[in-house]
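Undergrad: Sequence and computational prediction follow.
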Amino acid sequence: MARVKMTKTKIDSVYWYKQGNAKKFAYRYKYYDQHDVRREKSKQGFDSIEKAERSLIEVKATILDGNMSFVENDNLTVHQLNEIYIDASVTNWKPTTERGHTYTMEKYVLDAIGRRKIKNVNNIVLQKDLIDPLIKRGLKEGTLISIYRRLNAIFMFAIKNEILDRKRFSTPNLKGATEGVKRNALTVNQVTKILEVARTRYKITHYTALSLLFLTGMRVGELRALQWENDIDFESKIITIRETRDRFGARSPKTKNSYREFPMSENINNLLLAYKEWHEQSMASYQFRNPLGYVFITYAGEPLGERYMKRVIDLICEKEKITHFTPHYFRHTFVTIQLSNNIPISTVAALVGDTPETIYKTYAHSFEKDEIQASNLMDEIVTLNSFEKDKE
């Protein structure tokens, strides 16, 4: 492609040129960066000499203020900024954080505005080119907020590292987006019915897993990662939560607060002892399928898959005409019951491994009286009967 012929104007560094039959303007400005390297900043396509001069003045002011990086990154796109952000952050991320960020950006953001220059991403672009199309696709409000937070994170990174001088957009308008399913707490009657149905009509793994989720408030990934040898101590009556499992395998828990020990109540102790008896009988035939000794296994002797509990709950809800819920409802129910019975917030936070840093510092490695009381409280709320072994 032939280079456009530029003609000087009366204004230093501002030029005019022909684009078809139209007269256009541009600027070409030479300067030295912080390393005393000669550079040039140029831009064309202005409709008037005044617009070209105004843009040039902004560049000069930025350079005089010492903000060279703003000028040098002027043409950076959202896609390029995202790559810089990942490279700078990945060493501090857990694998799931990297996967989550990459998935969200590639699936929703980069196709829509990835080629946009970051300096041109404003409220109009954000709303019209990204958010509104996603609303039309039926994405729920919670998902849209999550997408916005990912995008916002890379722009805040750009400002912090002097790639941008300021952010050009604010929180988008989510009017028209459907609300997501809220993770509500279940009532005691609902929990009692669910567990009784699981005990009398389903498998012992289903009953034990659902009961343990309710009695401890642990995350389903943490439940799937439990191992008999490392995590279940019947002598001290302690469950140690030190890993979580997803479809990519075992890894460290969600946060450092998630490393914790949970005191077994009588219900939990009896529940796991009964399940261990069945587990050992099954492993006599299937030992090779569970070499790491995971607590919860299928009837084929294999560790539970990532969606196992969801499929079990979906089956129970459909067959028993129970209002749909998710494994996380049990966690929310646990916390709600504890707080409504005046258990200290710091105690509840320590039990579920979901605390701010200040509360985490108050967590003792040996169990305080309040924590044992909090665990025993669940025994007072719901009475668990033995699994119906005659169904086996």
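TA: That came through fine.

Undergrad: Now do the contacts for the nearest residue to residue 324 once chain neighbours are set aside.
TA: Computed as C-beta to C-beta, 6 or more residues apart in numbering, the closest residue to residue 324 that is not its neighbour in sequence is residue 317, at 4.9 Å. Where you see a C-beta, it was placed from the backbone N, CA and C, and this is true even at glycine. Residue 317 is in contact with 323-325, counting by C-beta atoms under 8 Å, 6 or more residues apart in numbering.

Undergrad: which residues are contacting stretch 190-199?
TA: With C-beta under 8 Å, 6+ apart as the contact definition, stretch 190-199 has outside contacts at 186, 206-207, 210-211, 214, 316, 320, 322-323, 325, 330, 333, 382, 384-385, 387-388.

Undergrad: From those, keep the buried residues only.
TA: Neighbour counting by 16 or more other C-beta atoms under 10 Å classes 186, 206-207, 210-211, 214, 316, 325, 330, 333, 382, 384, 387 among these as buried.

Undergrad: Can you tell me which of the residues you listed comes closest to residue 50?
TA: Distances from these to residue 50 were compared by C-beta to C-beta; the smallest belongs to residue 325, at 63.2 Å.

Undergrad: Check for me that residue 162 belongs to a helix.
TA: No - for residue 162, which was evaluated using DSSP: H, G, I helix; E, B strand; the rest coil, the result is coil, with no helix membership.

Undergrad: burial count for it?
TA: For residue 162, the neighbour count with other C-beta atoms under 10 Å is 13.

Undergrad: cool, and residue 124?
TA: For residue 124, the neighbour count with other C-beta under 10 Å is 11.

Undergrad: next one: the one 3 residues further on
TA: Residues lying near residue 127 (other C-beta under 10 Å) number 16.

Undergrad: roughly how far apart are it and residue 157?
TA: With the distance defined as C-beta to C-beta, to the nearest Å, residue 127 ends up 22 Å from residue 157.

Undergrad: now swap in residue 113 and tell me
TA: When C-beta to C-beta is applied, the distance between residue 113 and residue 157 equals 16 Å.

Undergrad: For those two, indicate the residue with more neighbours.
TA: Neighbours of residue 113 and residue 157, each counted by other C-beta under 10 Å, are more numerous for residue 113; the result is 21 against 17.

Undergrad: The more buried one contacts residue 81, doesn't it?
TA: No - checked against C-beta atoms under 8 Å, the pair residue 113 and residue 81 is beyond contact range at 11.0 Å.

Undergrad: Find residues that contact each of those two.
TA: The contact sets of residue 113 and residue 81 do not overlap (C-beta under 8 Å, 6+ apart).

Undergrad: Can you pull the poorly scored residue ranges out of the stretch 51-200 of the chain?
TA: Of all residues in the stretch 51-200 of the chain, those with pLDDT under 70 make up the ranges 63-74, 179-183.

Undergrad: where do the helices sit along it?
TA: 68-72, 78-89, 95-104, 110-113, 123-125, 132-136, 141-160, 188-201 (DSSP state H, counting those that start in this stretch).

Undergrad: Could you identify the helix or strand that succeeds the last one?
TA: For helix 188-201, the following helix or strand on the C-terminal side (DSSP states H and E) is helix 204-216.

Undergrad: other SSEs contacting that next one?
TA: Helix 204-216 sits against helix 188-201, helix 220-225, helix 266-286, helix 308-320, helix 327-340, helix 369-381, with contacts defined as 3 or more C-beta pairs under 8 Å, 6 or more residues apart in numbering; DSSP states H and E.

Undergrad: one step back: quick one: the buried ones among the contacts of stretch 190-199 as CSV, columns for distance to residue 151 too.
TA: Output for the buried ones among the contacts of stretch 190-199, formatted as CSV (distance: C-beta to C-beta, whole Å):
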residue, distance to residue 151
186, 35
206, 40
207, 43
210, 38
211, 41
214, 37
316, 38
325, 31
330, 33
333, 34
382, 43
384, 46
387, 49
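
Undergrad: Wait, residue 90 touches residue 98, no?
TA: Yes - if you go by C-beta under 8 Å, residue 90 and residue 98 touch, sitting 5.7 Å apart.

Undergrad: Let me know the distance separating the closest residue in space to residue 208 that isn't next to it in sequence from residue 328.
TA: On the basis of C-beta to C-beta, 6+ apart, the spatially nearest residue to residue 208 that is not a chain neighbour turns out to be residue 275, at 4.4 Å. In this structure, residue 275 and residue 328 are 22 Å apart, going by C-beta to C-beta.

Undergrad: Those two: who's more crowded?
TA: For residue 275 versus residue 328, neighbours defined as other C-beta under 10 Å are more numerous around residue 275 (21 against 14).

Undergrad: what's the more buried one in contact with, if anything?
TA: 204-205, 208, 295, 387.

Undergrad: what do you get for residue 28?
TA: Contacts here follow C-beta under 8 Å, 6+ apart; on that basis residue 28 touches 6, 13, 15, 40-42.

Undergrad: what about burial for those residues, which qualify?
TA: If you count burial by 16+ other C-beta under 10 Å, the buried members of the contacts of residue 28 come out as 6, 13, 15, 41.

Undergrad: If you tally nearby residues, what's the number for the spatially closest residue to residue 242 that is not a sequence neighbour?
TA: For residue 242, the nearest residue in space outside its immediate sequence neighbours is residue 259; the separation is 5.7 Å by C-beta to C-beta, 6+ apart. If you count neighbours by other C-beta under 10 Å, residue 259 ends up with 16.

Undergrad: Since that was my last question, I'll sign off now.
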